[in-house]
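> All I have is the shape, not the residue letters:
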Ligand code: DX5
């Protein structure tokens, strides 16, 4: 099968918060991962997120780079690797080589976050930094020039299907102000418990990239309708948030 023509991983433009809908493949049927990736692309997702877990930083254990590399030819959209691992510096290169255009590391797992983010870019990928619910936004204040995306976790990482933590919305709003004050083009992503109900608060608070796993996979109308619904609800609430 020839390489499909891949859309470049879309970036949002400051002030024009077109919401990006990005599924987590955690709920997918891993025995058919190529078919699952194709189905997500056909459903109109903007990118695909791989939740990489090492069983130490979080209790769960998931995808190695070879699984992602095997899925890569089946995708027409970009891949992002969410590294929930204790030693991201050792793994970044392998996930870039596997075909991830965006690599997200946890601030809590990085002794030298500034250097780690710069290294992701040096390897030719876009860089992202994730903050667990308890981690203050000040942690990223001095690395905004090195990052293309900040991920505010709306659950404690490790598993899909957890309940959204609404108090993170205050943090999202403060991150949105920090990003806008910087004048930098940085995506603001939320991940965990995102549904057609919780996405409204996250979008109004200032998020523009939304990760959905269990809700999207369970949506009775199918993935394409789920993606459209999430995108519409997010866009409507982003406008209301900007007007506030
Ligand atoms: C947590 C994972 C999940 C996953 C999305 O470690 O990162 O947040 O991506 O899971 P749902 O959408 O099922 O909460």
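That came through fine. The structure displayed is predicted, hence computed values, not measured ones.
> wait, is residue 104 part of a helix?
No: secondary structure of residue 104 (DSSP: H, G, I helix; E, B strand; the rest coil): strand, not part of a helix.
> My read is that it contacts residue 125, right?
No: the criterion here is Cβ atoms under 8 Å, and residue 104 misses it with residue 125 at 10.0 Å. C-beta coordinates here come from the backbone N, C-alpha and C atoms, glycine included.
> And those two? Which one has more around it.
residue 104 (30 against 25; other Cβ atoms under 10 Å).
> Tell me the secondary structure at the closest residue to that one other than its chain neighbours.
Nearest in space to residue 104, with sequence neighbours left out and distances taken as Cβ to Cβ, 6 or more residues apart in numbering, is residue 128 at 3.5 Å. With three-state DSSP as the basis, residue 128 sits in strand.
> Residue 128 and the ligand, how far apart?
As defined by Cβ to the nearest ligand atom, to the nearest Å, residue 128 lies at a distance of 13 Å from the ligand.
> do stretch 229-242 and the ligand meet?
No: contact between stretch 229-242 and the ligand is absent, the nearest approach being 10.7 Å (criterion: Cβ under 6 Å from any ligand atom).
> Stretch 45-56 now?
Yes: using Cβ under 6 Å from any ligand atom, stretch 45-56 reaches the ligand at residue 51.
> Just the terminal-to-terminal distance for that stretch.
30 Å (Cα to Cα, to the nearest Å).
> average pLDDT across it?
Averaging pLDDT along stretch 45-56 gives 98.
> counting contacts, what elements does the lengthiest helix in the chain pack onto?
In the chain, with assignment by DSSP state H, the single longest helix is helix 223-243. Judged by 3 or more Cβ pairs under 8 Å, 6 or more residues apart in numbering; DSSP states H and E, the packing partners of helix 223-243 are strand 20-23, helix 33-42, helix 198-205, strand 209-212, helix 214-218.
> Switch those over to CSV; also include distance to residue 86.
Below are the helices and strands packed on helix 223-243 laid out as CSV (distance: least, Cβ to Cβ, whole Å):
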stretch, distance to residue 86
strand 20-23, 24
helix 33-42, 25
helix 198-205, 28
strand 209-212, 21
helix 214-218, 25
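> in the worst-scoring helix or strand of the chain on mean pLDDT, what's buried?
Least confident helix or strand of the chain, by mean pLDDT, DSSP states H and E, is helix 223-243 with a mean of 88. Neighbour-count burial for helix 223-243, counted by 16 or more other Cβ atoms under 10 Å, picks out 223, 226, 227, 229, 230, 231, 233, 234, 237, 238, 241.
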